[in-house]
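Peer 1: build me a structure from this.
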Amino acid sequence: MSWARFGLRWRLLVVAGLALLPGFAVVLYQADQQYRHASAGARAEVVRFARLAADRQREAIDSAHALLSLLAGVPEVRPQQAAACTARLTDLFQRQLERSRYVTNILAAAPDGQVFCATLPLPEPVSLADRAYFRRVLETRGFVLGTFVLARPRGIPVVPLAVPVMGENREIAAVLAAGLNLAWLAETFGPSLPPDAALVMFDSDGTILSRYPDHARWVGRLMPDAAVVRAALDRREGQTFEQPGLVGTMRIWAVRRLDVGERTLFFAVGHAREAAFAAADAFLTRGIVALALALLLSLATAWALGRRLVLRPVQDLTDAARRLAEGDLTARVGAHGRDEIGVLGQAFNGMAAALERRGAEREEARKAIGAEIEERRRAEETLRAVIDEAPFAIVGLDPDRNVMIWNRAAERIFGYTADEVVGRLYPLVPPEGQAEFDEIFTRSAAGERLRNVAVRRRRRGSGSIRSPCSRRRNRRRATTRTANSTSRSS
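Peer 2: Residues are numbered from 1 along each chain as shown. Below you'll find the predicted structure:
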């Protein structure tokens, strides 16, 4: 890009703007450091909270497992003692509040799946025979964590836990099952999260088991294609990543896995990116606004002071240079300062004064030359008048022997007019006098002055004549002049 098309004022504004570039660089650098610090802090925070959420849920599952194992040892938990079982389980459930808060209900079912005992009354008969977790307990004869279901008969969303109740001869006498309270984690752990943070618990199928906030809205929804679910399933534990959450908010996420038997639960904690970087955004905004105000002030100052301190002196210098170019040798600028423009103005004034002096000298020389030329012109006119009025013939030749001067007496004596001979070869030499003429012309051209030499010349219409002749070489014109004062017929 050429700067020639930009005026001096715009260049000053560009310089003023460029002066603030280091400030912009410092603000951007500090903002970048704050963004890095905020990002590192947010990532460390979500990793910590994801680990805490997984630990809390493991605590809940372990407590529920311990409660079921405790109840499995109660002798009344048999299909034949349904009434006693209900009373006993209800009593223990109430006394084990620290453990029982993690579950919604406890059921005891016979090996055929028919529920015969529950801590909460059942309005109608319930069978667990079609539940996968129930069949898995019968197969493994151990603790089982099931998949998300709606508990019967109320349709409460739970993740079932079940343990076998062993009878005599190590046969399964019954199955104790409990519904894991999915709202517990969102209600107890969610409020401890940072503002604008979110917690999502889901299984390997992508089923949302718990979500804070809005647990009731999301629980039980199958969302394997959700960005955060896909990203969590594809990454190793402890990695952080940025993905939109379930409602589209861009968040910084960390994921923690929890393996319980054959099942795997995932705990994702996400910090809203906007909230995580709010302080850095505010710093950057304040810095840019401050620098923008400084830039406006700098440009306004450059605009105002630039005209007075730079543009006006430069304009004066430009005007004076234009006047000088137009021939005004008296053009000067007011140069009083010691700065660069003042020094330039003083140099211009010195140059203009020198040009004025030389102009005056040239004018004096021109006048002197004119006077000399006029004097020479008058002298030549006087000489021409003298030659023209002389009573004897005066003829001037150039080095090539062409006639240059032919006065009236020559016209009268030789019979040729000036118009006939001037500029032409000398016509007066007769053939028999050519050698004599060559000798005399050569001697005269060499600078010898000849006086009263008798020569023979032709005369128009009357043969030739002999006349005395004087010759001299005119050095300025390099010509030979011949003067004939009298003429006689030969």
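
Peer 1: give me the domain ranges for the protein.
Peer 2: 59-182, 390-489 (automatic domain parsing).

Peer 1: and these, which is most packed in?
Peer 2: Counting by mean count of other CB atoms under 10 Å, domain 59-182 has the highest mean neighbour count of the domains of the chain, with a mean of 17. Using the backbone N, CA and C atoms, a C-beta is placed for each residue, glycine as well.

Peer 1: per-residue confidence for the nearest residue to residue 432 once chain neighbours are set aside?
Peer 2: Ranked by CB to CB, 6 or more residues apart in numbering and with sequence neighbours excluded, the top spatial neighbour of residue 432 is residue 456, at 7.4 Å. pLDDT, residue 456: 71.

Peer 1: please name the bridge partners of residue 456.
Peer 2: Beta-bridge partners recorded for residue 456 (DSSP bridges): residue 466.

Peer 1: does it touch residue 437 like I think?
Peer 2: No. The criterion here is CB atoms under 8 Å, and residue 456 misses it with residue 437 at 9.0 Å.

Peer 1: does residue 275 touch residue 249 like I think?
Peer 2: No. Using CB under 8 Å, residue 275 is not in contact with residue 249, being 9.5 Å away.

Peer 1: if I look at residue 391, how far off is residue 291?
Peer 2: According to CB to CB, to the nearest Å, residue 391 and residue 291 sit 105 Å apart.

Peer 1: again but with residue 83, I slipped
Peer 2: According to CB to CB, residue 83 and residue 291 sit 81 Å apart.

Peer 1: strands of the stretch 351-490 of the chain, start to end?
Peer 2: Here the stretch 351-490 of the chain has its strands, by DSSP state E, counting those that start in this stretch, at 393-397, 403-406, 450-458, 464-474, 479-484, 488-489.

Peer 1: got the angle for the third one vs strand 393-397?
Peer 2: Read it as strand 450-458. Angle of strand 450-458 versus strand 393-397, following axes from the mean of the first three to the mean of the last three CA atoms, to 10 degrees, is 90 degrees.

Peer 1: assumed residue 243 was part of a strand.
Peer 2: Yes. Counting by DSSP: H, G, I helix; E, B strand; the rest coil, one finds residue 243 located in a strand.

Peer 1: quick revisit: export the domains of the chain as CSV, with columns for distance to residue 323.
Peer 2: Below are the domains of the chain laid out as CSV (distance: least, CB to CB, whole Å):
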stretch, distance to residue 323
domain 59-182, 94
domain 390-489, 45
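
Peer 1: could you point out which of the ones you listed sits nearest residue 38?
Peer 2: Among the domains of the chain, the nearest to residue 38 by CB to CB is domain 59-182 (31.2 Å).

Peer 1: mean confidence score for that closest one?
Peer 2: The average of the pLDDT scores along domain 59-182 is 82.

Peer 1: got the end-to-end distance for that domain?
Peer 2: In domain 59-182, first residue to last residue: 13 Å (CA to CA, to the nearest Å).

Peer 1: what's the answer for stretch 403-417, then?
Peer 2: One end of stretch 403-417 sits 12 Å from the other (CA to CA).

Peer 1: go on, stretch 145-157?
Peer 2: Taking CA to CA as the criterion, the two ends of stretch 145-157 lie 14 Å apart.

Peer 1: and what of stretch 323-338?
Peer 2: With CA to CA as the measure, stretch 323-338 spans 24 Å from end to end.

Peer 1: cool, and stretch 145-156?
Peer 2: Start-to-end span of stretch 145-156 (CA to CA) is 17 Å.

Peer 1: all strands of the stretch 51-200 of the chain, in order?
Peer 2: Ranges of strands within the stretch 51-200 of the chain are 103-109, 115-118, 144-145, 149-151, 156-166, 172-181, 197-203, based on DSSP E, counting those that start in this stretch.

Peer 1: so what's the gap between the last one and the chain middle?
Peer 2: In terms of CA atoms, centre = their mean, to the nearest Å, the centre of strand 197-203 is found 42 Å from the chain centre.

Peer 1: output the contacting helices and strands for that strand.
Peer 2: Strand 197-203 is packed against helix 21-72, helix 182-188, strand 208-212, helix 227-234, strand 263-272, with contacts defined by 3 or more CB pairs under 8 Å, 6 or more residues apart in numbering; DSSP states H and E.

Peer 1: swap in 6 Å and give it another go.
Peer 2: Packing partners of strand 197-203 (3 or more CB pairs under 6 Å, 6 or more residues apart in numbering; DSSP states H and E): strand 208-212, strand 263-272.

Peer 1: contacts for that strand?
Peer 2: Residues outside strand 197-203 that contact it (CB atoms under 6 Å, 6 or more residues apart in numbering): 53, 190, 208-212, 245, 265-271.

Peer 1: cutoff 8 Å now
Peer 2: Strand 197-203 has contacts (CB atoms under 8 Å, 6 or more residues apart in numbering) with 46, 49, 53, 57, 147-148, 182, 185-186, 189-190, 193, 208-213, 218, 223, 228-229, 232, 245-246, 249, 251, 263-272.

Peer 1: report the buried members of those residues.
Peer 2: 46, 49, 53, 57, 148, 182, 185-186, 189-190, 193, 208-212, 218, 223, 228-229, 232, 245-246, 251, 263, 265-272 (16 or more other CB atoms under 10 Å).

Peer 1: residue ranges in the stretch 201-350 of the chain under the pLDDT threshold?
Peer 2: Within the stretch 201-350 of the chain, the stretches with pLDDT under 70 are 237-238, 299, 302-311, 315, 335-337, 339-342, 348.

Peer 1: redo the helices and strands packed on strand 197-203 as JSON lines? Include distance to residue 334.
Peer 2: Compiled in JSON lines, the helices and strands packed on strand 197-203 are given as follows (distance: least, CB to CB, whole Å):
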{"stretch": "strand 208-212", "distance to residue 334": "79"}
{"stretch": "strand 263-272", "distance to residue 334": "66"}
